[in-house]
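[1] Okay, predicted coordinates and the sequence, questions at the end:
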Amino acid sequence: MNATCGLALLGLGGVSLLLTVKYGEAGMSARCTKPEAEHRRLWALEQLLASRPRVELVREAQQRWGLSAAQAQRIVRQAVELILATYREVDQEEAVGKAVHALEVALELAVQRKQPQEIIQAVRAMDQIIGIGAAHQLRVQPWR
């Protein structure tokens, strides 16, 4: 029995991706075939996209398939790597551009509201994204 499931991933700046996965029924033994291993990885992927904690997934995989902690952690880690690989395919320049624009808007609003902490947070976030080197030189000073 095979089924297909489409899962939406949201990225920076509203960039969204659709990840389609196929899975079949898995066996209940600790030693499994390649299709069963793929099913386990895709199950973990679905659970991660549903925002379930990794620790919980590891425990459930251990109980569900009779795995050791190391085996269950490996399955969850492989699912995380699938998600990261999907994000690596996103157009990086477009995503960075949207993120920087959003931070510029946030910076302008913080200046208008005279909120020094928000200004510092926006500049530090920009520094992390584009490396402007200003985050280390900031000092909070009261407004005059």
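    That came through, no problem. Numbers count the residues shown, from 1 in each chain.
[2] how many other residues sit next to residue 122?
    21 (other C-beta atoms under 10 Å). The C-beta positions use only the backbone N, C-alpha and C, and glycine is treated the same way.
[3] which element is it on?
    Taking DSSP states H and E as the criterion, the element that holds residue 122 is helix 116-130.
[4] Which elements pack onto that helix?
    helix 92-112 (3 or more C-beta pairs under 8 Å, 6 or more residues apart in numbering; DSSP states H and E).
[5] between the helix it packs on and helix 116-130, how many degrees?
    Helix 92-112 runs at 170 degrees relative to helix 116-130, counting by axes from the mean of the first three to the mean of the last three C-alpha atoms, to 10 degrees.
[6] tell me what helix 92-112 is packed against?
    helix 116-130.
[7] Return the distance of the helix holding residue 122 from the chain's centre.
    21 Å (C-alpha atoms, centre = their mean, to the nearest Å).
[8] buried stuff in it?
    119-127 (16 or more other C-beta atoms under 10 Å).
[9] out of those, which one sits closest to residue 47?
    residue 125 (29.5 Å; C-beta to C-beta).
[10] I'd assumed residue 103 was in contact with that closest one.
    Yes - judged on C-beta atoms under 8 Å, residue 125 makes contact with residue 103 at a distance of 5.4 Å.
[11] Kindly report the domain assignment for the protein.
    Following automatic domain parsing, one gets these domains for the chain: 2-88, 92-137.
[12] Distance from the chain centre to stretch 57-68, please.
    Distance, centroid of stretch 57-68 to centroid of chain: 22 Å (C-alpha atoms, centre = their mean).
[13] which parts of it are buried?
    Quick answer for stretch 57-68 (16+ other C-beta under 10 Å): 57-58, 60-62, 65, 67.
[14] Let me see the ranges of the strands in the protein.
    Taking DSSP state E to define them, one finds strands in the chain at 2-10, 16-24.
[15] Least confident of those strands, on average?
    In terms of average pLDDT, strand 2-10 trails the rest of those, at a mean of 40.
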